[in-house]
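> got a structure for you, letters missing:
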Ligand SMILES: O=c1nc[nH]c2c1ncn2[C@H]1C[C@H](O)[C@@H](COP(=O)(O)OP(=O)(O)OP(=O)(O)O)O1
Ligand SMILES: [Mg+2]
């Protein structure tokens, strides 16, 4: 078993990573376990840039392998917004409720046929003295007219998953962790890590 540090302070992400790494039997730590850990400023303009920034900063500081996740919601009717600014869309207090209210208000007059959106996730895996690996995942859906469900985190209650006919917040965690942008990206990362024998024993 290995300890893997996820460079995030988002409890929702931590839970999902813990659950998705269960099969490999690794212990998942996050910045919420480390007192006084720094908040890495997300100065990038793409998910990839921010994921690399978070992973490399923490990996260099702690001298251990680190995975960072930068993710968000792209809404076509808003030309891709909130995008990389998803967490702070309604302000620096980073409130999921305020962010969802802002999106719902902005889409009030947008018809059902034009409410397409996707969750996007970039994962960066930074190791001391090795080249950082970056992978991406997406999950397509539509923005609902009101919140539905109470599972998950972030924008999940207003994100409708057409092929499951439920909102992301109505899915059991096992269901979300099969189809989410984060799950798609993590699967690619696990494959790369195994292929290149980078870190941990093969499952
Ligand atoms: O599966 C998801 N379900 C719903 N919403 C989601 C999801 N994945 C990302 N999101 C939203 C939450 C937040 O508004 C933004 C991530 O922002 P992002 O900067 O990557 O994360 P964060 O600031 O919460 O934590 P941290 O930077 O410490 O990892 O996208
Ligand atoms: Mg952030």
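Received the coordinates, thanks. Because the structure is predicted, anything quoted here is derived from the model rather than measured. Residues are numbered from 1 along each chain as shown. Ligands and ions are numbered 1, 2, ... in the order given.

> Wait, residue 78 touches residue 105, no?
No. Counting by Cβ atoms under 8 Å, no contact exists between residue 78 and residue 105, whose distance comes to 11.4 Å. No exception for glycine: its C-beta is placed from N, CA and C like everyone else's.

> what about residue 52, how many neighbours?
By the measure other Cβ atoms under 10 Å, the count of residues near residue 52 is 22.

> so it, which of the three states?
Here residue 52 is recorded as helix under DSSP: H, G, I helix; E, B strand; the rest coil.

> tell me which element the spatially closest residue to it that is not a sequence neighbour is part of?
Once flanking residues are discounted, residue 52 sits nearest to residue 124: 4.5 Å by Cβ to Cβ, 6 or more residues apart in numbering. For residue 124, the enclosing helix or strand under DSSP states H and E is strand 116-126.

> Following element in sequence after that strand, please.
On the C-terminal side of strand 116-126, the nearest following helix or strand under DSSP H and E is strand 133-143.

> Check the average confidence over the next helix or strand along the chain from that next one, would you?
Scanning forward in sequence from strand 133-143, with DSSP H and E defining helices and strands, the next element found is strand 159-161. Per-residue pLDDT values across strand 159-161 average out to 98.

> try stretch 118-125
Here stretch 118-125 scores 98 as its mean pLDDT.

> sorry, back to before: who's more crowded, residue 78 and residue 105?
Between residue 78 and residue 105, residue 78 has the larger neighbour count (other Cβ under 10 Å), namely 17 against 10.

> quick one: contacts for the more buried one?
Applying Cβ atoms under 8 Å, 6 or more residues apart in numbering, we find residue 78 in contact with 103, 106-107.

> Equivalent analysis for residue 160, please.
141-144, 148, 166-168.

> Try it again at 10 Å.
112, 115, 117, 141-145, 148, 166-168, 170 (Cβ atoms under 10 Å, 6 or more residues apart in numbering).

> ok, it to ligand 1 distance?
The gap separating residue 160 from ligand 1 is 12 Å, by Cβ to the nearest ligand atom, to the nearest Å.

> Mind listing the residues bridging to that residue?
With DSSP bridges as the criterion, residue 160 is bridged to residue 142, residue 167.
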